[in-house]
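Engineer: Give me coordinates for this.
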Amino acid sequence: MFEGFTRGHANIDGVDIAYVIGGSGPPALFLHGFPQSRAMWARVVALQATGDGTAFEPCLLGCNFTTISFIVRCGRTYVAQGVSMLTVTEALKRRISTRAFQPQPLAEQLVREILDVARWAPSGGNLQPWKVIAVAGAERAAVTELARRIHATEGPDESTERPVYPPNLWEPYRTRRYKIGEDMYALLGISRSDRSGRLAQFARNYEMFGAPVELFFIIDERMGYGQWTHLGMFMQSIALAALERGVSSCMQEAWASLRLSLKSHFALDEHELVYCGMALGYADETAPVNSLRSDRAPVEEFANFRGFAKASI
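Structural biologist: Residues are numbered from 1 along each chain as shown. Here you go, the predicted structure:
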């Protein structure tokens, strides 16, 4: 996508804006008003750049109050497509585990904004049993190096008495887990017999799949099952608030295998532990793995409706 274009960044009033530019001649400015929608102009800007004009497209991530996309061309404005804000329903269906990110950094202000929205997630008794450690830059590099050193020595699993999955997983859960894994490796072209290839892909968890920011979720180990559920609601809220702003995510329980090392690295209190991590960044829209969509059971399979009036025919 955008082959032959020059990619760049411009700092406007403290906001880092990514853009692509190509061609020569009179400029055409292509804008969008919907998170993760710059791809809508891919073919148009290619035609513009090969003609008699210069195509310039900034990546306006987070422009949540822009309700239409438009082109400014030679001093005239043409309405191209009406676009609504991202609804809750759309966000729930669009959110995926992104496993390939662009290196473009996320501003601390943006991450703070996402957390500021997510803090309103449901919490029984208003305990708010969560803490977050957000790492970027050198701090992020230190965590990935920690993981590299431990795995180089084939250190033990540190998930303690809280493993990611229960042992001897039963149906239908075993089949669901198996299928999503096979679907992902098929997209990556990694066969079932390619054990080293599969291990290498799994190891990318500890590189945050290239994401510039990783959130680590901390909970007091004395908390009950209810508080762990509340933490999950908080995490989902973060993922949806991020998506609204054009930021993709991947919840990573793989970090559970390094719980003890991370506890020491972050100098956590005696009863605190790392539940998992979440990668945050801008998705690499060209990566095949990001086209993966998991199957979901229909409502009839998991819901039982009782006491409702029968629908009239």
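Engineer: Specify the beta-bridge partners of the closest residue to S24 other than its chain neighbours.
Structural biologist: Once flanking residues are discounted, S24 sits nearest to T54: 5.7 Å by CB to CB, 6 or more residues apart in numbering. Any C-beta I mention is one placed from the backbone N, CA and C, and that applies to glycine too. The partner list for T54 in beta bridges (DSSP bridges) reads G23, P27.
Engineer: what about T54, how many neighbours?
Structural biologist: Around T54 there are 17 other residues, counting by other CB atoms under 10 Å.
Engineer: Quick check: F305 vs V299, distance?
Structural biologist: Distance of F305 to V299, given as CB to CB, to the nearest Å: 9 Å.
Engineer: and what of V111?
Structural biologist: Look at V111 and V299: by CB to CB, they are 35 Å apart.
Engineer: do the same with V247
Structural biologist: 29 Å.
Engineer: what sits against L231?
Structural biologist: 129-130, 217, 219, 275 (CB atoms under 8 Å, 6 or more residues apart in numbering).
Engineer: Just give me the closest of those residues to F234.
Structural biologist: The nearest member of the contacts of L231 to F234, counting by CB to CB, is W130 at 5.1 Å.
Engineer: in the chain, which spans are helices?
Structural biologist: Counting by DSSP state H, the segments of the chain that form helices are 42-50, 88-94, 108-118, 137-152, 173-188, 195-203, 225-244, 259-265, 299-302.
Engineer: In TSV: those helices, plus distance to G124 and mean pLDDT.
Structural biologist: Supplementary listing: the helices of the chain in TSV, determined by distance: least, CB to CB, whole Å; pLDDT from 0 to 100:
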stretch	distance to G124	mean pLDDT
helix 42-50	46	63
helix 88-94	22	93
helix 108-118	17	97
helix 137-152	31	95
helix 173-188	26	96
helix 195-203	34	93
helix 225-244	6	97
helix 259-265	24	96
helix 299-302	23	96
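Engineer: what about those, which gets the closest to I21?
Structural biologist: Evaluated over those, closeness to I21 peaks at helix 42-50, with 8.5 Å, by CB to CB.
Engineer: Spatially central, which residue of the chain would that be?
Structural biologist: In the chain, the C-alpha nearest the mean C-alpha coordinate belongs to S249, at 1.2 Å (CA atoms, centre = their mean).
Engineer: ok, what's across the strand from that residue?
Structural biologist: Residues found in beta-bridge contact with S249 (criterion: DSSP bridges) are L280.
Engineer: about what we covered before: who's more crowded, V111 and V299?
Structural biologist: With neighbours defined as other CB under 10 Å, V111 and V299 compare such that V111 has more, 21 against 8.
Engineer: Look up how far L187 lies from that one.
Structural biologist: Between V111 and L187 the computed distance is 29 Å (CB to CB).
Engineer: How about A279?
Structural biologist: Distance, A279 to L187, using CB to CB: 18 Å.
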